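In: whatever this is, show me its structure:
(2 chains)
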Amino acid sequence: MWVNNRINIICFLFAMSFNANSSTPSGISLSASILGNNWTGQNTTSGTDFEASEGKQFAYSAAYHYGKFFAGLNVQGGTYEFGAKAPDRITTTGSISNSNVKIKRSELDLVAGYFITNRISIFLDIKGTNNNWLDENYEQAFSGFGLGVYTAWPLSDKWSLKGSLGVISNGIVKVNDEEAGEGTSSSLDIGAMYNVSSKGKINFGIKASSQTYKFDSGQEQTHSITGVYVGYSHSFTLN
Amino acid sequence: MKTDCYEKNSLPVKAGMLLFGIFIAFVNNVYAESRGIGLHKTKNASGVSLQDTTYRALIIGNNDYRRTGGKWPRLKTAISDASALRNVLRKSYNFTDIRVLKNATRRDVLVELKALAKRVKKNDSVLVYYAGHGYLDDESQQGYWVPVDAKGLDQTTFLRNSTIRDELTLIASRGKHTLLIADSCFSGSLLRSGTRGISTDIGTELYYQKVANKKSVQIMTAGGVEYVDDNYKSSGHSPFTYFLLNELKTNNRALISMSELSTNVQKAVANNVDQVPESGVLHGAGDELGEFVFIKVDVKAKGIDKDKIKVIVNVDTEQEQKIQKKETQVKPKRNLLPLPTM
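Out: All right, here's what the predicted structure looks like:
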């Protein structure tokens, strides 16, 4: 139910953006990025750490901008390999330690935002994350509704700094599609953008995100994904 | 225009008038130089922005001289000249208040000039165009516009230059820029106060800022004190208006001053017909060496969409820099931003 309500809010923001004055500038931006990042974490209850030996993600997003409003979709994902230190498979009844596993991580973000000043916007994000243990019948899912702040700060005609900070304070954790607990998520993105043309820009930076899953069994697991990314964004002006 | 114009005592005077015209042109040039027109760089342009200007025009075209006792033959192109000018001013130069008088009587012209004077506001740019017969009294050197209800050579039924000048002076006193374009025989007789020189920085942004902020009362005429032609090469326009329209249509700059326009038109006309247009200021009407500046709103630029071209006029340097900084650094970048995620 709570997800439906939040989707309604996002849809409302979409509708607001479409109903605004027709002379308002609008455009679409499409982005693709590669994230070379590291996935670390902690199985709190068992007191063990884990760290992926290799992994990266690809991200694709599309955003619609209408004046001060923007809204869009981001999908990203990648496969990580863990050696001796791997995340436990935690369920409502207990946990199983792992080693030498591959986990496919995928993320989906449905975002709507509004620039409250020329440089600072606030945005809402309905986020879904899936951690799928390949070769194992185990899947963690996290979903939640968060609030974030996003800024882009021009340094010159070519260069801008950008950053975002977001928090999801009351997410839901599911295991194999069964609700198994609750969780929180936070992320910090600091980067820069370089305009290669009037419509294209390269962006790069560091992004760190952390999720904490608190299972109904009393166990806890944290996931931290930190790394660098580089991407290209292209914009199409509609009016 | 316009062949078959009358001139009292029109005996050997044509040659004399030509010499007189050359003399006047010489005197005018000296006069212009003596005015010491020079533009000096200032940090901030002051005064009204052209963006606040309303462009108004009264356009008069007289073809049908029917009850003039045969003294004033029907003209072929005056109305089509007027209509074509109206179209180009409306379409390309954002004139929003245009009145066109076709076959205007003396009263029609005076009523419309007075009505125009009432409508003019402080920052307005006003253009008055006349195409029709003209008349010059050789003895008094007094010029006239000939309305369609003129009675033969009865000068009391004409519109005297001094009357036109009075009406324009009133308009000029209320507006910012006033320009009279007269396409008639002896129209140069309105212009006995000298042409202006063109500044060395003509065409630059600073030039337009300077001249647009100063009051102007200018005149451009089809000829000096001479006969002018009708229906240039069967174009449906007089040679003067033909080249005037051509310049206005083919101009591909956002801003063009009356001096620039008249220079181009003068060259084009003089190169093609035996006629030399003149331009200058209306003496005693408050001209402050400003310029009537035409703003072309449908400027084309190769490789750039029409909608993307923005004409910024007469914004002081500091303000323009702020606008450019704001537009280039904030709005486009905001639209280009990739989507933030958590």
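In: which parts of the chain are strands?
Out: Here I'm looking at chain A. Here chain A has its strands, by DSSP state E, at A:26-43, A:48-55, A:57-66, A:69-82, A:89-90, A:95-96, A:101-115, A:120-134, A:138-154, A:159-175, A:178-195, A:200-215, A:220-237.
In: hmm, I had chain B in mind actually
Out: B:6-7, B:55-61, B:95-102, B:125-131, B:134-137, B:142-145, B:159-160, B:177-183, B:216-221, B:255-257, B:278-281, B:293-295.
In: adjacent strands (with direction) for the fifth one?
Out: Counting by DSSP bridges, the strands paired with strand B:134-137 are strand B:6-7 (parallel), strand B:142-145 (antiparallel).
In: also the third one?
Out: The strands beside strand B:95-102 in its sheet (DSSP bridges) come out as strand B:55-61 (parallel).
In: pLDDT (mean, whole number) over the partner strand?
Out: For strand B:55-61, the per-residue pLDDT values average out at 95.
In: tell me what angle it forms with strand B:125-131.
Out: Going by axes from the mean of the first three to the mean of the last three C-alpha atoms, to 10 degrees, strand B:55-61 is angled at 10 degrees with respect to strand B:125-131.
In: could you pull out the helices in the stretch 151-300 of chain B for me?
Out: Applying DSSP state H, counting those that start in this stretch to the stretch 151-300 of chain B gives helices spanning B:161-174, B:205-212, B:239-250, B:258-272.
In: worst mean pLDDT among the ones you listed?
Out: helix B:205-212 (a mean of 72).
In: lowest average pLDDT across the strands paired with strand B:134-137?
Out: The bottom spot among these, by mean pLDDT, belongs to strand B:6-7, with a mean of 50.
In: that older thread, just say which of the strands of chain A is most tucked in.
Out: Among these, ranked by average contacts under mean count of other C-beta atoms under 10 Å in any protein chain shown, first place goes to strand A:89-90 (a mean of 24). All C-beta atoms are positioned from the backbone trio N, CA, C, and that covers glycine.
In: pairing partners for that strand, with directions?
Out: strand A:95-96 (antiparallel).
In: and the contacts of the strand it pairs with?
Out: For strand A:95-96, the surrounding residues in contact (C-beta atoms under 8 Å, 6 or more residues apart in numbering or on different chains) are A:43, A:45-46, A:88-89, A:217, A:219.
In: from the chain's centroid, how far away is it?
Out: 26 Å (C-alpha atoms, centre = their mean, to the nearest Å).
In: need the CA coordinates for stretch B:103-116. CSV is fine.
Out: Once non-C-alpha atoms are left out, stretch B:103-116 reads as follows in CSV (Å, rounded to 0.1, in the frame of the first residue of the first chain):
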residue,chain,number,x,y,z
ASN,B,103,-5.3,57.6,-51.7
ALA,B,104,-5.3,60.0,-48.8
THR,B,105,-6.8,63.4,-48.9
ARG,B,106,-5.1,66.4,-47.2
ARG,B,107,-7.5,66.0,-44.3
ASP,B,108,-6.9,62.3,-44.1
VAL,B,109,-3.1,62.8,-43.7
LEU,B,110,-3.5,65.5,-41.1
VAL,B,111,-6.0,63.6,-39.1
GLU,B,112,-3.9,60.5,-39.1
LEU,B,113,-0.7,62.4,-38.2
LYS,B,114,-2.5,64.0,-35.2
ALA,B,115,-3.9,60.7,-34.2
LEU,B,116,-0.5,59.2,-34.4
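In: for that stretch, list every residue counted as buried.
Out: Of the residues in stretch B:103-116, B:103-106, B:108-110, B:112-113, B:116 count as buried by neighbour count, 16 or more other C-beta atoms under 10 Å in any protein chain shown.
In: closest to chain A among these?
Out: Within those, the smallest distance to chain A is 32.8 Å, found for residue B:116 (C-beta to the nearest C-beta).
In: the closest one is in contact with residue B:109, isn't it?
Out: No. Contact between residue B:116 and residue B:109 fails when scored by C-beta atoms under 8 Å: they sit 10.4 Å apart.
In: pLDDT at residue 30, what is it?
Out: Picked chain A for this. Looking at residue A:30, its pLDDT reads 93.
In: sorry, should have said chain B
Out: Residue-level pLDDT assigned to residue B:30 equals 31.
In: for the one 5 residues further on, same thing?
Out: Per-residue confidence (pLDDT) for residue B:35: 22.
In: likewise the one 4 residues further on?
Out: Reading off the per-residue confidence, residue B:39 sits at a pLDDT of 30.
In: what is the neighbour count of residue 87?
Out: Unless you meant another one, I'm taking chain A. Residue A:87 has 30 neighbours, counted by other C-beta atoms under 10 Å in any protein chain shown.
In: the intended chain is chain B.
Out: Neighbour tally, residue B:87, other C-beta under 10 Å: 13.
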